[in-house]
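Chemist: based on what follows, work out the 3D shape:
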Amino acid sequence: MVTDADSDRAEMSYSNYEFHRVGSVAEFTDGRGRAVCIDGRVIAIFRVGERFLAIDDRCPHAGASLAAGYVHEGTVVCPRHAWRFDLETGAWADYPKLGVETYPVRVDDDQVLVGVPRDGKDAEQSAPKS
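Modeler: Numbers count the residues shown, from 1 in each chain. Alright, predicted model coming up:
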């Protein structure tokens, strides 16, 4: 159950993000990705059931579009060389110290919104850094 205090904490943690509309819920297909460009960043957005997750679109290995990959058990598999990235954390499944950035996503009034950092700050790098 989400409480008002939980909602307040979530809003505070995303206060340094500006949210951009990327489409309606109905425009996203379950288990598929879509690449969007927001403020010069190419972001891959995935629908997994009723959840929406967003990561950098570019695979750090060979630059392939992760939005073109396929979703399998909470990961997206890069279409070029099959590197797998956790959709929640951005971590590379085979070596979690590497990964891609993640972005917050929320749904308001059937519209999907993705948050990008304000003032040119980096997005959250959820994968541990070496």
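
Chemist: which stretches of the protein form helices?
Modeler: 4-13 (DSSP state H).

Chemist: so where's it shaky on pLDDT?
Modeler: For the chain, residues meeting the criterion pLDDT under 70 lie at 1-12, 120-130.

Chemist: identify the residues contacting the most centrally placed residue in the chain.
Modeler: Geometric centre of the chain, nearest residue: residue 54, 1.3 Å, by Cα atoms, centre = their mean. Residues in contact with residue 54 (Cβ atoms under 8 Å, 6 or more residues apart in numbering) are 43, 44, 45, 46, 102, 103, 104, 105, 114. (Each C-beta comes from the backbone N, C-alpha and C, glycine too.)

Chemist: which of those residues lies closest to residue 17?
Modeler: residue 104 (5.9 Å; Cβ to Cβ).

Chemist: what's across from the nearest residue to the closest one once chain neighbours are set aside in the sheet?
Modeler: Of all residues beyond its chain neighbours, the one nearest residue 104 is residue 115 (4.1 Å), with distances taken as Cβ to Cβ, 6 or more residues apart in numbering. Note on residue 115: beta-bridge partners by DSSP bridges are residue 19.
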